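J.: Pasted the sequence and its predicted model underneath.
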Amino acid sequence: MSTRPENRSAEGVRVGWAQADITPDQPVAVVGQFHVRISEKVLDPITATVMAIESGEEQVVFVSCDLVGIPDVLRDAVRSKLPEGIRPESVVMNATHTHTGPEVRLPDPAYGNTSCGDGADLPIMPAEEYLNFASTRIAQAIELACATRARAKIAYGLGFAVVGRNRRWVSVEAASTMYGNTDTPAFSHIEGYEDHSVNVLAAYDTAGTLTGVVVNVPCPSQVDEGLFALSADYWHDTRQELRCRLGEHVHVLAQCSAAGDQSPHPLFEKQAQQRMWKLAGLTERQVIANRISDVVTDTLKHIRDTTTEGLVLRHQVQRLDLPLAPVTAAQANEAQGEAEAWGARYDEERQKLENAPELRDEPRWYVEITRAYRRREWYAGVVDRFRQQGDHPTRAAELHFIRLDDIAFATNPFEYYLDHGIYIKCRSKAVQTFLVQLAGGGTYVPSVRSTQGGGYGSIPASNPLGPDAGRAVAERSVEVINELFGDATTG
């Protein structure tokens, strides 16, 4: 496929880069589990990387953050702090979905995630305060990237690396489980597909010096899921490795492709892999960093001579009202029972602390009470949705679609199961399609087969939006991508 010359901008493309350190300077709630984890140390920086692209009158600003998601409140705070001349809707933010980042989601059980408050008086930086801090620094980085845009050349390519693995398995009784023990006679098969693609976009200055890369991998950044510490997870190691190979000045902007049912954790051959990591003297994060870096550096060798300066840049923002997954009376009753059981456990934990305040002096005293509180609220959210579903049958989602010459970017705000993502890739007219999940607050959007098996990530408490919403996003994505490529001819 090739782009008609008359559609290319005569002014060429201008690119600017920036990075912000958004590591909090005081303890915060670490995101990613039902129980609260208060950060006890910083293993590596939490950052936001910005790539600002301009061609003719069109502009797009990609922002990748070492966070679990980009809730609307963070996105809107960043946009509200931008200087005049930067169109707020040109800013496309995504999260790498680290499970060792600061909590940025405000409590809302209706969203089906684990951010349901804490139910305890914790000595931490409030999420609202961190949101203000982070949004200010991100907006400043966007301003810097836009102010430093300069003539550039763009190249793109595709490679493959095993990073994400399907994390759900199905029993002989057709019940699905996320993670868990597969060494059981009840094991039948791994539930779904895997995608090992690595999409790469590279920017060079007019002298031919690489300035930065966008690296798109179908796997969340969650090797370390249970630490009481802050970290960007494997993307920190990957940035370090790429800069070691390509130069300290090179920016690395990470994107997570459709990967709602993927993770870096293998379900089988675990011992063999751990043995190989030990023999190589590497951590799992470093192994992943090397795999990604190998693909990126190899891809760059082959695409360097394909750089182009004048190109098509088009950007569409669409808002969809997506159907909420219906909650049955039986599901609501089951959730009510769970909420009551967890509520009783919460009351017990709270009473313990009231009877013995000295317990608060023990390390991580808050784990059990916050776990019980969040579980209670998580299930209560299902009951609330059941009661309100007649009045509130849909939820709005912001989607971005970008054409950059012969490649497409399509975003969604979810932990988007791979079946939906592969549908988009199969039907896209673009030469290469970069899917970007978690360009929003995030909640699981499961596949049809996953809801048939249930399990965490595919039950009402996990996903207010069901397969119908996932299909609606996929179909709209294909429609808009192919409209953007309607003037493309096969070459």
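T.: Looks like it arrived, so ask away.

J.: Run through the residues that contact residue 321.
T.: 394, 395, 396 (Cβ atoms under 8 Å, 6 or more residues apart in numbering). (C-beta placed from N, C-alpha, C; glycine too.)

J.: Looking at the residues you listed, spot the one nearest residue 274.
T.: residue 395 (40.7 Å; Cβ to Cβ).

J.: Counting neighbours, what do you get for the closest one?
T.: 17 (other Cβ atoms under 10 Å).

J.: buried ones in the helix or strand containing it?
T.: Using DSSP states H and E, residue 395 maps to strand 394-404. Neighbour counts over strand 394-404 (16 or more other Cβ atoms under 10 Å) mark 395, 397, 398, 399, 400, 401, 402, 403, 404 as buried.

J.: What residues are recorded as beta-bridge partners of the second one?
T.: Here residue 397 sits in beta bridges with residue 320, going by DSSP bridges.

J.: and the helix ranked longest in the chain, how far from the chain's centre?
T.: Taking DSSP state H as the criterion, the chain has its longest helix at helix 329-355. Between the centre of helix 329-355 and the centre of its chain there are 31 Å (Cα atoms, centre = their mean, to the nearest Å).

J.: Which neighbouring elements make contact with it?
T.: The contact analysis (3 or more Cβ pairs under 8 Å, 6 or more residues apart in numbering; DSSP states H and E) places helix 329-355 against helix 367-388.

J.: helices and strands around the helix it packs on, which ones?
T.: helix 329-355.

J.: what angle do the helix it packs on and helix 367-388 make?
T.: Between helix 329-355 and helix 367-388, the angle comes out at 150 degrees (axes from the mean of the first three to the mean of the last three Cα atoms, to 10 degrees).

J.: Could you pull up the mean pLDDT of the strand holding residue 395?
T.: Regarding strand 394-404, the rounded mean pLDDT is 96.

J.: what helices or strands is that strand leaning on?
T.: Contacts defined by 3+ Cβ pairs under 8 Å, 6+ apart place strand 394-404 against strand 313-323, strand 407-411, helix 467-484.

J.: how does it look with 6 Å?
T.: Judged by 3 or more Cβ pairs under 6 Å, 6 or more residues apart in numbering; DSSP states H and E, strand 394-404 is in contact with strand 313-323, strand 407-411.

J.: what about it, distance to the chain center?
T.: Distance, stretch centre to chain centre, for strand 394-404: 15 Å (Cα atoms, centre = their mean).

J.: could you show me where the helices are in the protein, in order?
T.: 72-80, 127-147, 234-246, 270-280, 284-303, 329-355, 367-388, 418-427, 448-453, 467-484.

J.: what about residue 194, neighbour count?
T.: Neighbourhood size, residue 194 [other Cβ under 10 Å]: 17.

J.: and it, what does it touch?
T.: residue 166 (Cβ atoms under 6 Å, 6 or more residues apart in numbering).

J.: cool, and residue 30?
T.: So residue 30 contacts 37, 39, 100 (Cβ under 6 Å, 6+ apart).

J.: Quickly list what the first one is bridged to.
T.: Beta bridges link residue 37 to residue 30 when assigned by DSSP bridges.

J.: just for the stretch 251-400 of the chain, where's the confidence low?
T.: Scanning the stretch 251-400 of the chain for pLDDT under 70 picks out nothing.

J.: Save the helices and strands packed on strand 394-404 as TSV, and put in distance to residue 86 too.
T.: Formatted as TSV, the helices and strands packed on strand 394-404 follow (distance: least, Cβ to Cβ, whole Å):
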stretch	distance to residue 86
strand 313-323	13
strand 407-411	18
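
J.: And those strands: which comes nearest residue 246?
T.: Nearest to residue 246, of all these, is strand 407-411, at 20.6 Å by Cβ to Cβ.

J.: Adjacent strands (with direction) for that closest one?
T.: Sheet pairing for strand 407-411, assigned by DSSP bridges, gives strand 394-404 (antiparallel), strand 432-436 (parallel).

J.: Brilliant, that's me finished.
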